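S.K.: sequence first, predicted model second:
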Amino acid sequence: MNVLFLTAEEQKAFEALSAKLRDGWEVELEHGDIRDDAAHRAMRLQLLHLHDPTLLAFVKCGSTLNDVDAIVALMSTTTLKNVSDADLAELCFALGPVSLTKILGMLLPKVQTDDELEAVQAIAFVRHSLISAMHPSSTR
């Protein structure tokens with residue numbers, strides 16, 4: 001069975017998906033403390049070692065933005081189709097759990113295929129891992 005780490009709000013969006021899409025998935029409540037701040041996010045963006053030109057352009061624009069909503073909006077206009085897994089992992093680390101939560105909130109209600117749900121799972125897992133690393137006591 002596949003596991004999705006979702007917040008209570010995200011679980012509602014998951015439950016609204018078709019029964020066929022939900023079949024085979026187990027949802028675990030994301031207990032982690034989803035918090036971050038602009039200073040930490042800016043530092044993580046500066047530490048990135050990306051190779052993809054699309055992501056390099058994203059980071060150049062995103063590093064001037066302090067608002068999570070503006071970063072997520074910029075992210076939604078960035079094509080990630082041919083980006084390597086390594087660069088995507090770096091980007092998720094830099095975006096942090098708050099941005100990833102907002103991205104999940106945008107993506108989850110629009111899921112229509114198993115592949116899209118697997119992409120949501122990957123983002124949710126990265127977020128869960130980040131929260132566990134940043135706030136180890138909050139995920140117990």
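M.R.: Thanks, I have it. Numbering: from 1, shown residues only.
S.K.: please, which helix or strand holds residue 71?
M.R.: Applying DSSP states H and E as the criterion places residue 71 in helix 68-76.
S.K.: packing partners of the longest helix belonging to the chain?
M.R.: Using DSSP state H, we find that the single longest helix of the chain is helix 85-107. Judged by 3 or more C-beta pairs under 8 Å, 6 or more residues apart in numbering; DSSP states H and E, the packing partners of helix 85-107 are helix 8-15, helix 38-46, helix 53-62, helix 68-76, helix 114-134. (Glycine included, C-beta is placed from N, CA and C.)
S.K.: and the last one, average pLDDT?
M.R.: Over the span of helix 114-134, the pLDDT mean works out to 91.
S.K.: same question for stretch 25-39.
M.R.: Averaging pLDDT along stretch 25-39 yields 87.
S.K.: same check on stretch 81-93?
M.R.: 88.
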